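K.L.:
structure of the sequence below:
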Amino acid sequence: MKYIIGVDGGGTKTEAIAYNMEGKEICKAATGYGSLIIDKKTALNNIIQAIEICVNTLKENELIGIYLGLAGIEAGENKKLVEKAVKSKFNTHVEIYNDAELAFYALLKGEEGILAISGTGSIALGISKGKKIISGGWGHLLGDEGSGYNIAINAYKRMIYEEELGLEKSKLTKTILKELSLQNVQDIKGIVYYSAKDEIASIVPTIVKLAEEQEENALGILKEAGMEIALMVHRLWKKLKLQGTIKVALKGSIITKIKFVREAFNAHLLNLIENVEIIDEDVSSCKGAYYLAKQKI
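P.N.:
Modelled structure (predicted):
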């Protein structure tokens, strides 16, 4: 039996899934983070280990290609480093993409359209007639609008706004201070400037809970996030000059799991683009490898 392997490597874990030529999952493995930006040696070891588990499990079969989608792969010589290591180890066809592109092929099944991702960070990717354009993806210092990180930062900014103007503390401010065991608003500087992105974004569930209680600041922040993601998609639609019904796939817990973000996204996008088909499926980014292989074989 011939098979291919898809690898999705991010800042938290690396997932490798083997598929037969009908697209059926036949083996799965998970290891630690696969983003070389964090640490090249460790990430590369995690990537190799995840692939190796599948190869050893399926050793009686023929591996005909490995397709990797890795966070931060464009930085420096990362792509060459991974390609050399994987080819040397497994002696097969290897193709490397960023993690967003592999997810694009997984959700859109190899067809043209747009993928919007909103988790801790945010990015949108559009592909049409061989043309590939990215919107967002600038990282937390330059962008990440509509992301979990950005939602948290906007909540902190609202707290600062109240403090600066001497306003009465809102329910949002009181709840976050209590949640983080902080005495006053000044203390949030320690959270923002000395914590990792995912730690900063950890207050998002608290903001969602407040929105469910109709706290106006929390509601406004989440609705703004949905609007920002819709604007990223709209920018790509204009640049790619897409016609007819536009397929827009969604990935990431912020856009797929938080109803206030999703409702604002849907409403704003449908106001900007008339004919939209929204795709929201629970599928691994690794499945993108199958559709990429199918195009090439």
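K.L.:
state the distance from the residue nearest the centre of the chain to N150.
P.N.:
Most central in the chain under C-alpha atoms, centre = their mean is I117, positioned 4.5 Å from the mean C-alpha point. Taken as C-beta to C-beta, to the nearest Å, the spacing of I117 relative to N150 amounts to 13 Å. Glycine gets a C-beta too; all of them are placed from N, C-alpha and C.
K.L.:
also I134?
P.N.:
Remark: distance between I134 and N150 (C-beta to C-beta) = 17 Å.
K.L.:
I26 now?
P.N.:
39 Å.
K.L.:
of the two, give the one with the bigger neighbour count.
P.N.:
When neighbours are counted by other C-beta atoms under 10 Å, I26 and N150 differ, and N150 comes out ahead with 25 against 16.
K.L.:
put the alpha carbons of the helix or strand bottoming out on mean pLDDT in the chain into CSV.
P.N.:
Considering only helices and strands, the least confidently modelled element of the chain by mean pLDDT, DSSP states H and E is helix 197-200, at a mean of 85. Backbone C-alpha positions of helix 197-200 (Å, rounded to 0.1, in the frame of the first residue of the first chain) are rendered in CSV as follows:
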residue,chain,number,x,y,z
LYS,A,197,1.4,35.3,24.3
ASP,A,198,-0.7,32.4,25.4
GLU,A,199,-0.5,33.5,29.0
ILE,A,200,-1.7,36.9,28.1
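K.L.:
mind giving me the packing neighbours of the following helix or strand past that helix?
P.N.:
Once helix 197-200 ends, the next helix or strand along the chain (criterion: DSSP states H and E) is helix 204-212. Packing contacts for helix 204-212, counted by 3 or more C-beta pairs under 8 Å, 6 or more residues apart in numbering; DSSP states H and E, involve helix 148-165, helix 171-179, helix 216-240.
K.L.:
pull helix 204-212 out as CSV, backbone CA atoms only.
P.N.:
Backbone C-alpha positions of helix 204-212 (Å, rounded to 0.1, in the frame of the first residue of the first chain) are rendered in CSV as follows:
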residue,chain,number,x,y,z
VAL,A,204,-10.3,35.1,27.0
PRO,A,205,-12.6,32.6,28.6
THR,A,206,-13.3,35.2,31.4
ILE,A,207,-14.2,37.8,28.7
VAL,A,208,-16.5,35.3,27.0
LYS,A,209,-18.2,34.5,30.3
LEU,A,210,-18.8,38.2,30.9
ALA,A,211,-20.2,38.6,27.4
GLU,A,212,-22.6,35.8,28.1
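K.L.:
got the contact list for it?
P.N.:
Helix 204-212 is touched from outside by 148, 151-152, 155, 171-172, 175-176, 179, 217-219, 221-222, 254, 258, 260, with contacts defined as C-beta atoms under 8 Å, 6 or more residues apart in numbering.
K.L.:
just the buried members of those?
P.N.:
Among those, those classed as buried by neighbour count (16 or more other C-beta atoms under 10 Å) are 148, 151-152, 155, 172, 175-176, 217-219, 221-222, 254, 258, 260.
K.L.:
closest one of those to G130?
P.N.:
The shortest gap between G130 and any of the buried ones among the contacts of helix 204-212 belongs to I254, at 30.1 Å (C-beta to C-beta).
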